[in-house]
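Engineer: just coords:
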C-alpha cells in the first residue's frame, strides 16, 4: 500500500508538470493516503480482487458441468459394471457415472457463485483498527459508491468495521469451498484414470484423448496426463487452503498481519482453477470415447447380475448362483436356466438394461 501511494503520488506530480519526489505538490500520505490506512485499503483490495477472480472460476465450473452432462446423455445406453470398493457391483450406465460427477460439480459451481456474497462487505474507511479514526463519515460512503461504480460489484460497508479489519474467517470459508471443489475434481480425475487404465491389462472401459507420447521407452503407451495435471492442481489447492487457515487463525487482537499470505494462497487457488479447468474440458472430457464392447463383455462376465434376482429367488439362492458363476465361469443367465430357477421370459425381463439401472422396481 505504501508503494502504491508513492507510485500514484509521483505519477500525479508528473501530470502536474513537476518532477518525481516533489512531494510538496502531491504527498503519498498527506494526499494519496488521506483518510486511509493499509489496514482498511489492503483488506478491501483483496476482497475486490477475489470477487473478480471468483466469477470466471464459477463460469468454468459451469462449463465443466455442461461437458459432463453432454457425456451423460451421449453414454446413456452404454451398460457396464458398477464398482464398489473396487469390486464388481450392480450394473450402471456409463452415462450415469458422468451424471453423478456433473452433480458434484454443480454443487461446487453454486457454492462458489454464492461465496461472492461473503466478500462484499468491506472495511474501507475503518482506517487503523476499524474505529474510523481520521476518516470523515462522508468519505466512507463516497468511497463505497465510487468503488461500486468502478468494479460493478455490489459492495457494502461492513456494519462493524473492526470485524473485517481483524477477522479473516470469510477468506477461510471461501478457501474451504475452493478446497471442496478440488476434492470433486480430484475424484473425477482419479475415476477417469481408473476407467481408462490398461487399456488391455486394466479396466479399459473408456479411452482418454492421447495428448502426447506417453513414454520415452515404451512405444504406444498413452498416459492420462491431463487427469494427472488436474490432480496436481487439486492437491496444491488443498495445500493452499491449509495455509489460508493457519494464517487466518494467526492474527492477533485488532489486526491480522498475515493477510498477505492469505491473499497469495487464495489467488493461487483461483489462478489454478482458471488454468486447469478449461484444459480438463477441452483436452480430456470432450474427447472421451467409450469401449462399448468391453463394457458389455465385463458386465456379461460378472456374476453380480445375481443381485437383480434376490427379490425373486431369495438372497441365499442368489448367492449360490454367484458362487457357481465363480466356479464354472458361466454367466448368471446360464446358471439360472440350468437349475430351472426361473423361465427365460421372466429372466430376460429382470435383466433388461433399463430395469437394471433404474431405481424403479418392476413386478
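Structural biologist: Received it, and whenever you're ready, just let me know what you need. These numbers come from a predicted model, not from an experiment. Residues are numbered from 1 along each chain as shown.
Engineer: Look up phi and psi at residue 255.
Structural biologist: phi -160, psi 150 (degrees, to the nearest 10).
Engineer: how close does it sit to residue 3?
Structural biologist: Distance from residue 255 to residue 3, counting by CB to CB, to the nearest Å: 19 Å. C-betas here are computed from N, CA, C, even on glycine.
Engineer: Mind checking which of these two has more residues around it?
Structural biologist: Set residue 255 next to residue 3 and count neighbours by other CB atoms under 10 Å: residue 255 wins out with 18 against 8.
Engineer: The more buried one contacts residue 166, doesn't it?
Structural biologist: Yes. Residue 255 lies in contact with residue 166 (CB atoms under 8 Å); the separation is 5.7 Å.
Engineer: joint contacts of these two?
Structural biologist: Residues within reach of residue 255 and of residue 166 at once, by CB atoms under 8 Å, 6 or more residues apart in numbering, are residue 129.
Engineer: Helix, strand, or coil at residue 92?
Structural biologist: Put simply, residue 92 is strand when judged by DSSP: H, G, I helix; E, B strand; the rest coil.
Engineer: How about the contacts made by it?
Structural biologist: By CB under 8 Å, 6+ apart, residue 92 lies in contact with 79, 80, 81, 82, 357.
Engineer: Please indicate which of those are buried?
Structural biologist: Buried members of the contacts of residue 92, counted by 16 or more other CB atoms under 10 Å: 79, 80, 81, 82, 357.
Engineer: before we move on, back to that, show me the contacts of residue 92 that map onto strands.
Structural biologist: Residues of the contacts of residue 92 located in strands (DSSP state E): 79, 80, 81, 82.
Engineer: Just flag the most distant two among these.
Structural biologist: Spatially, the most separated pair among the ones in strands among the contacts of residue 92 is 79 and 82, at 10.1 Å (CB to CB).
Engineer: Now do the shared contacts for the two.
Structural biologist: In contact with both residue 79 and residue 82: 91, 92, using CB under 8 Å, 6+ apart.
Engineer: The nearest residue to residue 113 once chain neighbours are set aside - how many residues pack around it?
Structural biologist: Using CB to CB, 6 or more residues apart in numbering and skipping the chain neighbours, the partner closest in space to residue 113 is residue 58 (4.5 Å). Using other CB under 10 Å, residue 58 has 20 other residues around it.
Engineer: neighbours around residue 27, how many?
Structural biologist: Applying other CB under 10 Å, we find 17 other residues in the vicinity of residue 27.
Engineer: no no, residue 154
Structural biologist: The number of residues packed near residue 154 is 10, by other CB under 10 Å.
Engineer: ok, now residue 30?
Structural biologist: By other CB under 10 Å, 11 other residues sit near residue 30.
Engineer: From residue 36, how far out is it?
Structural biologist: To residue 36, residue 30 is 11 Å away according to CB to CB.
Engineer: Might you report the residue contacts of the residue nearest the centre of the chain?
Structural biologist: Centroid check for the chain by CA atoms, centre = their mean gives residue 181 as the closest residue, at 2.7 Å. With contacts defined as CB under 8 Å, 6+ apart, residue 181 is in contact with 61, 108, 111, 112, 237, 273.
Engineer: tell me the contacts of the closest residue to the fourth one other than its chain neighbours?
Structural biologist: Which is residue 112. Counting by CB to CB, 6+ apart, the nearest residue to residue 112 once its immediate chain neighbours are dropped is residue 58, at 4.7 Å. Counting by CB under 8 Å, 6+ apart, residue 58 makes contact with 109, 112, 113.
Engineer: Just give me how far the helix or strand hosting residue 58 sits from the chain centre.
Structural biologist: In the assignment (DSSP states H and E), residue 58 maps to helix 38-74. Centroid separation for helix 38-74 versus its chain: 10 Å, with CA atoms, centre = their mean, to the nearest Å.
Engineer: Likewise for stretch 263-270?
Structural biologist: Distance, centroid of stretch 263-270 to centroid of chain: 15 Å (CA atoms, centre = their mean).
Engineer: Pull out the buried positions in it.
Structural biologist: 263, 265, 266, 268, 269, 270.
Engineer: if I look at the first one, how far off is residue 328?
Structural biologist: Residue 263 sits 64 Å away from residue 328 when distances are taken as CB to CB.
Engineer: picking that back up, out of the buried ones among the contacts of residue 92, name the two that are farthest from one another.
Structural biologist: 81 and 357 (11.4 Å).
Engineer: what touches both of the two?
Structural biologist: 91, 92.
Engineer: helix, strand or coil for residue 128?
Structural biologist: Assigned by three-state DSSP, the conformation of residue 128 is coil.
Engineer: let me redo that: residue 217
Structural biologist: coil.
Engineer: Can you get me a residue count around it?
Structural biologist: 5.
Engineer: Residue 316 too?
Structural biologist: By the criterion of other CB under 10 Å, residue 316 has 9 neighbours.
Engineer: Quick one: residues contacting it.
Structural biologist: Applying CB under 8 Å, 6+ apart to residue 316 gives no contacts.
Engineer: do residue 228 as well
Structural biologist: By CB under 8 Å, 6+ apart, the residues touching residue 228 are 189, 193.
Engineer: That one: helix or strand, and which one exactly?
Structural biologist: Assigned by DSSP H and E, residue 228 belongs to helix 225-249.
Engineer: Now do the buried residues in that helix.
Structural biologist: Going by neighbour count (16+ other CB under 10 Å), the buried part of helix 225-249 is 226-227, 229-231, 233-234, 236-238, 240-241, 243-245, 247-248.
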